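K.L.:
Here's a sequence, model it:
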Amino acid sequence: MNKKLQITKAEMTEKELILSVDHSTSFDYIKATGQMLVDSDDISFIYLLEADNQYVYLVIGKEYWNKIKECKQLELPVSLSNGSGKIVLEQFFDELDYLIQNIEGNGNYGEEMEKAVEAVFMQK
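P.N.:
So this is what the prediction gives:
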């Protein structure tokens, strides 16, 4: 089973959006993959990180989507922080845009996921 990291806070600065995880999370050997998935059951996006040749799932629940949308509009990069280190989440918005386009009007992701994505990301 792949390890899951839960975001504890999303904070936007003038330069970036910082998604924070528990301070006890070690960033040793963790790197960004530039890939994202959808978890329709938990209504979240999953950014894939890699550590020791296995994936670590960064769970991005819908409670953080408005902040992410705002950051996207400002064209700011997204980073992951554990309080002492930071990892830039490469290709974050390229991957997110691709998933949003696929989810829009597509019942294969489940009605609840489709509605949640449209409510946040399809609104002006």
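K.L.:
so what's the residue nearest to residue 30 when sequence neighbours are not counted bridging to?
P.N.:
Closest residue to residue 30 apart from its sequence neighbours, by CB to CB, 6 or more residues apart in numbering: residue 51 at 4.5 Å. Placement of C-beta: from N, CA and C, glycine included. Beta-bridge pairing for residue 51 (DSSP bridges): residue 30, residue 54.
K.L.:
Make sure residue 51 is actually in contact with residue 33.
P.N.:
No - at 10.5 Å, residue 51 does not count as touching residue 33 under the criterion of CB atoms under 8 Å.
K.L.:
circling back: residues near the residue nearest to residue 30, how many?
P.N.:
For residue 51, the count of nearby residues is 15 (other CB atoms under 10 Å).
K.L.:
and if you look at the one 10 residues further on?
P.N.:
The criterion is other CB under 10 Å. On that basis, residue 61 has 14 neighbouring residues.
K.L.:
Repeat that for residue 27.
P.N.:
Residue 27 has 16 nearby residues by other CB under 10 Å.
K.L.:
go on, residue 96?
P.N.:
Residue 96 is flanked by 22 other residues according to other CB under 10 Å.
K.L.:
Quick check: it touching residue 36?
P.N.:
Yes - shown here, residue 96 and residue 36 form a contact pair, counting by CB under 8 Å, at 6.2 Å.
K.L.:
And the pLDDT for the residue nearest to the spatial centre of the chain?
P.N.:
Most central in the chain under CA atoms, centre = their mean is residue 60, positioned 4.3 Å from the mean C-alpha point. Predicted confidence (pLDDT) at residue 60: the value is 97.
K.L.:
How about the contacts made by it?
P.N.:
Residues in contact with residue 60 (CB atoms under 8 Å, 6 or more residues apart in numbering) are 7, 19, 44-47, 68.
K.L.:
Could you do residue 103 as well?
P.N.:
Residues counted as contacts of residue 103 (CB under 8 Å, 6+ apart) are 38, 109, 113-114, 117-118.
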